[in-house]
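Student: The following block contains a protein sequence and its predicted model.
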Amino acid sequence: MTAPRPAGVPWLTPYMTVRDARSAIAFYEAAFGFALRDSVQDEGVIMHVEMTWQDQLIVMFAPEGAFGSTAKTPKSAGAIAPQSFYLYVDDVDAVYARALAAGAKSLSEPQDQFWGDRFAQIEDLDGYRWALARRLS
């Protein structure tokens with residue numbers, strides 16, 4: 001019997017639309033330390049990307065228009081992303097600083113929160129919102 005999902009792929013993986021796949025790869029590598037796992041190209045144009053974090057598949061994405069899609073990024077659509085991604089990291093302050101240096105917009109600076117996490121929020125190049133967190137105790 002065939003497994004319901006490929007080996008090493010989580011049961012749920014966000015699949016985003018980005019404006020430029022190469023720029024998104026560079027941003028996620030520089031800002032968060034994500035690693036490129038796989039990409040699919042068509043005549044030199046990246047059509048699909050898979051990136052990992054801490055040895056786990058964390059995100060997949062494709063550029064606007066890939067495979068005939070009409071999906072837009074929040075930034076291209078002029079919208080605020082209705083969802084956000086909550087990413088646990090070793091050092092919230094360092095990742096926050098790297099994300100800003102890579103072109104992210106600050107939504108909230110790192111602070112200790114009542115629920116027990118050090119927490120900051122940024123918006124990436126395409127308008128997706130990322131919460132950066134580390135458990136305090």
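Tutor: Yes, it's here.

Student: C-alpha only now, for contacts and for neighbours.
Tutor: OK.

Student: worst-scoring helix or strand of the chain, pLDDT-wise?
Tutor: Among the helices and strands of the chain, strand 56-63 carries the lowest confidence by mean pLDDT, DSSP states H and E, at a mean of 92.

Student: That one: how far from the chain's middle?
Tutor: When C-alpha coordinates are averaged (CA atoms, centre = their mean, to the nearest Å), strand 56-63 and its chain have centres 7 Å apart.

Student: Please apply the same query to stretch 6-16.
Tutor: Distance, stretch centre to chain centre, for stretch 6-16: 13 Å (CA atoms, centre = their mean).

Student: Also stretch 73-81?
Tutor: For stretch 73-81, the gap between its own C-alpha mean and the chain's C-alpha mean amounts to 15 Å (CA atoms, centre = their mean).

Student: Buried residues, the very next helix or strand once past the least confident helix or strand of the chain. List them.
Tutor: Tracing the chain C-terminally past strand 56-63 and defining elements by DSSP states H and E, one meets helix 74-77 next. For helix 74-77, burial by neighbour count (16 or more other CA atoms under 10 Å) applies to 74-75.

Student: buried ones in the least confident helix or strand of the chain?
Tutor: So, applying 16+ other CA under 10 Å, buried residues of strand 56-63: 57-63.

Student: Now do the top helix by length along the chain, average pLDDT.
Tutor: Looking across the chain with DSSP state H, the single longest helix is helix 21-32. Taken as a whole, helix 21-32 has an average pLDDT of 98.

Student: Show the secondary-structure elements that it is packed against.
Tutor: Helix 21-32 sits against strand 35-42, strand 45-53, strand 56-63, helix 92-101, with contacts defined as 3 or more CA pairs under 8 Å, 6 or more residues apart in numbering; DSSP states H and E.

Student: so where's this structure shaky on pLDDT?
Tutor: Within the chain, no range satisfies pLDDT under 70.

Student: Alright, that wraps it up for me.
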